[in-house]
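Asks: Need coordinates for the following:
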Amino acid sequence: MGSWHPAWRGPEFLGAVQRHPEKEQALLRVSLGTVVLLAYLVAAWIERSGAVYATTEMVALYVAYGLATYLAIKVGPARSPLRLIVTTVSDQAVVMAILAVGGQAALPVLWASFWFLVGAGCRYGKRMLALSCAVALAGLAGLAFAQPWWSANVAVCVSLALSIAATSIYLSVLVHRLEQQAVTDPLTGLSNRVRLEHALNHALANRDTEIGDTALLLVDLDGFKEVNDTYGHAVGDALLQRFAIDLSRGVRRGDTLARLGGDEFVVLARQVHGKQGALKIADTIHTVLKNLQAIEGHRIAVSASIGVCMLANGARGGAHDARTLMRFADRAMYRAKANGRGQTAFAGSVERERTA
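Replies: Modelled structure (predicted):
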């Protein structure tokens, strides 16, 4: 992909923030917290009540907390699961503390609880959303039992708790759908390149503890271009969808199936018995295409060129990354294609591939 050089600093700054959601959240803590603080300073000057003063002080402490989180991220920019958990808990806990101190005077701060739910779900996924929701509900329960205004208005507390729970459930469903769309090929429903690389990196990380080998099979359909040119792209898309369905039925449960784009597919098979196990999977793919003789009433003749890269597990495994292994499988696939239609070729050892 080509690099993009913005002509002004705004997009560059925003892009950097979007690539670091923790930094974005910290900046929002400071900016929005400052807006709320200014509003309460005005309210304190007008109303001059103890509850408003207490709420103002708590909001000021939250702005200071936001500055502290921003500085912590600047000092340690690497993502930290512990820091993420602490800040997710702290955000909702501070809102509940403000409500406890200010009572009715702090009600305008309630929106922040929902803002934190949305931020946790959209930035970090369902686990942080569930954590944020749990802290908010626990805080509301504490308010209902211990804070005078909330104890006198239990119905409000229950309504707010139900609203937070319903919002969290809706966001969880939405985030799940977005996560699935982000890693799914829209045409075939198989995994896309993002999920494949994740699965391959997971296989590489666990190769020393697994039994058997891992096989990466890169599949390129021979004759697909002719189907597209002869019958049109609609028939070509139907062919890809039918092949994806038949392939899903033919391979082992637990194997990762992905479409890279066009007519290129990948099967990542773990715990296979050497090259013979990988060859058995390749033969299954050839059989699937051999049985696929017609699409929407049109006769077709499509086969596959398959390149296989073996990832030896245990002590025999070397250190490689996912993209390098994909290149090895790609080279093997082109060797298979050079040998004629419907062929399978194995990549050599990683050492020989690197030397070549």
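Asks: the helices in the stretch 51-200 of the chain, which residues?
Replies: When assigned using DSSP state H, counting those that start in this stretch, the helices of the stretch 51-200 of the chain occupy the ranges 81-102, 111-124, 126-146, 148-152, 154-182, 193-205.
Asks: For the fourth one, which outside residues touch it?
Replies: Yep, that's helix 148-152 we're talking about. For helix 148-152, the surrounding residues in contact (C-beta atoms under 8 Å, 6 or more residues apart in numbering) are Leu99, Gly103, Gln104, Leu140, Leu143, Ala144, Phe145, Val156, Cys157. (Glycine included, C-beta is placed from N, CA and C.)
Asks: ok, back up a step: next, format the helices of the stretch 51-200 of the chain as a markdown table and append distance to Thr230 and mean pLDDT.
Replies: Shown next, in a markdown table, are these (distance: least, C-beta to C-beta, whole Å; pLDDT from 0 to 100):
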| stretch | distance to Thr230 | mean pLDDT |
| --- | --- | --- |
| helix 81-102 | 53 | 93 |
| helix 111-124 | 45 | 92 |
| helix 126-146 | 46 | 94 |
| helix 148-152 | 72 | 93 |
| helix 154-182 | 32 | 92 |
| helix 193-205 | 28 | 86 |
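Asks: need those helices in CSV with mean neighbour count and distance to Ala244, can you?
Replies: Converted to CSV, the helices of the stretch 51-200 of the chain look like this (neighbours: other C-beta atoms under 10 Å; distance: least, C-beta to C-beta, whole Å):
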stretch, mean neighbour count, distance to Ala244
helix 81-102, 19, 35
helix 111-124, 20, 30
helix 126-146, 18, 27
helix 148-152, 15, 54
helix 154-182, 14, 16
helix 193-205, 17, 14
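Asks: For Arg299, give me phi and psi.
Replies: phi -70, psi 130 (degrees, to the nearest 10).
Asks: Contact partners for Thr88?
Replies: Residues in contact with Thr88 (C-beta under 8 Å, 6+ apart) are Phe116, Ala120, Tyr124, Met128, Leu131, Ser132, Val135.
Asks: Could you look up the SS state of Arg341?
Replies: Taking DSSP: H, G, I helix; E, B strand; the rest coil as the rule, one finds Arg341 in the coil state.
Asks: Count the neighbours of it for me.
Replies: 13 (other C-beta atoms under 10 Å).
Asks: Now do it against Leu84, distance only.
Replies: Between Arg341 and Leu84 the distance is 51 Å, computed by C-beta to C-beta, to the nearest Å.
Asks: Next: Gly342.
Replies: With distances defined as C-beta to C-beta, the gap from Gly342 to Leu84 amounts to 50 Å.
Asks: before we move on, what about Ala332?
Replies: The gap separating Ala332 from Leu84 is 41 Å, by C-beta to C-beta.
Asks: what do you get for Leu27?
Replies: The spacing between Leu27 and Leu84, counted by C-beta to C-beta, is 16 Å.
Asks: Please apply the same query to Lys290.
Replies: Distance from Lys290 to Leu84, by C-beta to C-beta: 50 Å.
Asks: Kindly report the same for Ala199.
Replies: Using C-beta to C-beta, one gets 24 Å for the distance from Ala199 to Leu84.
Asks: Would you map the strands across the stretch 251-356 of the chain?
Replies: Secondary structure of the stretch 251-356 of the chain, counting by DSSP state E, counting those that start in this stretch: strands at 256-261, 264-272, 294-295, 298-299, 303-311, 344-346.
Asks: For this structure, give me the ranges with low pLDDT.
Replies: Counting by pLDDT under 70, the chain contains low-confidence ranges at 1-19, 207-211, 312-320, 349-356.
Asks: let's see 50
Replies: For the chain, residues meeting the criterion pLDDT under 50 lie at 1-18, 315-317, 350-356.
Asks: re the thing from before, and the contacts of Thr88, which two are the farthest apart?
Replies: Tyr124 and Val135 (14.0 Å; C-beta to C-beta).
Asks: residues in contact with Glu197?
Replies: For Glu197, the contact set (C-beta under 8 Å, 6+ apart) comprises Ala322, Arg323.
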